[in-house]
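Here is my input, please return the structure:
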Amino acid sequence: MADEQPQDTATDSDLNVTTPATPGDSVGDSVGDSAGGAADAVANASGADARVAELERRVAELERQIEQERDHATDYMRRWHTAQADFANFKRRQQQEQEPRERLLTAQALAPVLSAVDSLERAFIALPASLRSLSWIEGIALVELQLRRALEMAGIHAIEAEPGQPFDPARHEPIGEVETDQHVEGVIAVVAQRGYESHGLLIRPTLVQLARKPKPAAEPVASATSDSTSDDAINTTNATETSPGT
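Next comes the predicted model:
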């Protein structure tokens, strides 16, 4: 046999032959790409909307919690102001109640001193003028002055009461009446003992005697009685004159 020549077989790849794309294939690919992009866009939009809705829900929940906390804070502040006002009122009431008690205790503690001051005052009233210049008398007077200043420093003051002043039943205590025409009836005529008070609290009332109008003078004997006496005297005289002739 004659030598057979080897048959060459070539493929499309070996020949490097490129099959041209048809127009239909390009349009389909474009439509597919557009559809895929639209689907992706819709999916992305849906996801964004879901995230926005979730954020809005969380914001609304936080706003609700903030509003609750604000209400709680307002209530706590109101309660705190109320408690503070109640405590201030309590302290004020305690102070108002404590002050009268302290004044009363002070007055009770210094009450015996008032008797000593009264005794010294009466002693100086009855003291003769010739003894007032003695040094030891002046020393006693200084002691009386110190006692009065101590009372004033403790808030204890003498009640003003002088003859001629109106009678005050809340601060004065009557112990009798005095007939006088120097004062109007019912006013103070004599101050027997000084009274004392402390910040409006009466410790001891002032002992006073009130003025009273003097009783009118005795009226003259009635005229009928005078006439009867005169007649008796005349009859007696006539009887005496006629007796010698008898």
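
Let me know the helix or strand that the spatially most central residue of the chain is in.
Centroid-nearest residue in the chain: residue 92, 5.9 Å away (criterion: Cα atoms, centre = their mean). Here residue 92, judged by DSSP states H and E, is contained in helix 23-126.

After that helix, which helix or strand is next?
Criterion used, DSSP H and E; the element after helix 23-126 is helix 135-153.

Who are the packing partners of that next one?
helix 23-126 (3 or more Cβ pairs under 8 Å, 6 or more residues apart in numbering; DSSP states H and E). Backbone N, C-alpha and C define where each C-beta goes, glycine included.

gap between the helix it packs on and the chain center?
28 Å (Cα atoms, centre = their mean, to the nearest Å).

between that helix and helix 135-153, how big is the angle?
150 degrees (axes from the mean of the first three to the mean of the last three Cα atoms, to 10 degrees).

packing partners for helix 23-126?
Using 3+ Cβ pairs under 8 Å, 6+ apart, helix 23-126 sits against helix 135-153, strand 156-158, strand 196-198, strand 201-204.

could you dump those to CSV with mean neighbour count?
Putting the helices and strands packed on helix 23-126 into CSV (neighbours: other Cβ atoms under 10 Å) gives the following:
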stretch, mean neighbour count
helix 135-153, 12
strand 156-158, 18
strand 196-198, 19
strand 201-204, 17
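
Just tell me which of these ends up closest to residue 65.
strand 201-204 (59.7 Å; Cβ to Cβ).

Could you spell out the sheet neighbours of whichever helix or strand comes after the closest one, each with its direction?
Sequence-wise, the next helix or strand downstream of strand 201-204 (DSSP H and E) is strand 206-212. According to DSSP bridges, strand 206-212 forms sheet pairs with strand 172-179 (parallel), strand 188-193 (antiparallel).

Low-confidence ranges, this protein, go.
1-43, 217-246 (pLDDT under 70).

Kindly recompute the last result at 80.
1-47, 216-246 (pLDDT under 80).

most packed of the strands paired with strand 206-212?
strand 188-193 (a mean of 18; mean count of other Cβ atoms under 10 Å).

about what we covered before: which among the strands paired with strand 206-212 is found nearest to residue 83?
For those, the distance to residue 83 is smallest for strand 172-179, at 48.1 Å, taking Cβ to Cβ.

Need phi/psi at residue 133.
phi -90, psi 0 (degrees, to the nearest 10).

What count of nearby residues applies to it?
8 (other Cβ atoms under 10 Å).

Give me the distance between it and residue 127.
Residue 133 sits 11 Å away from residue 127, going by Cβ to Cβ, to the nearest Å.

Ok, residue 114 next?
In terms of Cβ to Cβ, residue 114 sits 20 Å off from residue 127.

Those two: which is more packed in?
The residue with more neighbours, out of residue 114 and residue 127, is residue 114; 20 against 14, by other Cβ under 10 Å.

mind listing what that one touches?
Residues near residue 114 by Cβ atoms under 8 Å, 6 or more residues apart in numbering: 151, 156, 196, 203-204.

And for residue 119, the neighbour number?
For residue 119, the neighbour count with other Cβ under 10 Å is 11.

hang on, I meant residue 154
Using other Cβ under 10 Å, the number of residues around residue 154 comes to 15.

Could you do the one 10 residues further on as well?
For residue 164, the tally of surrounding residues (other Cβ under 10 Å) stands at 11.

that's a strand at it, yeah?
No - counting by DSSP: H, G, I helix; E, B strand; the rest coil, residue 164 is not found in a strand; it is coil.
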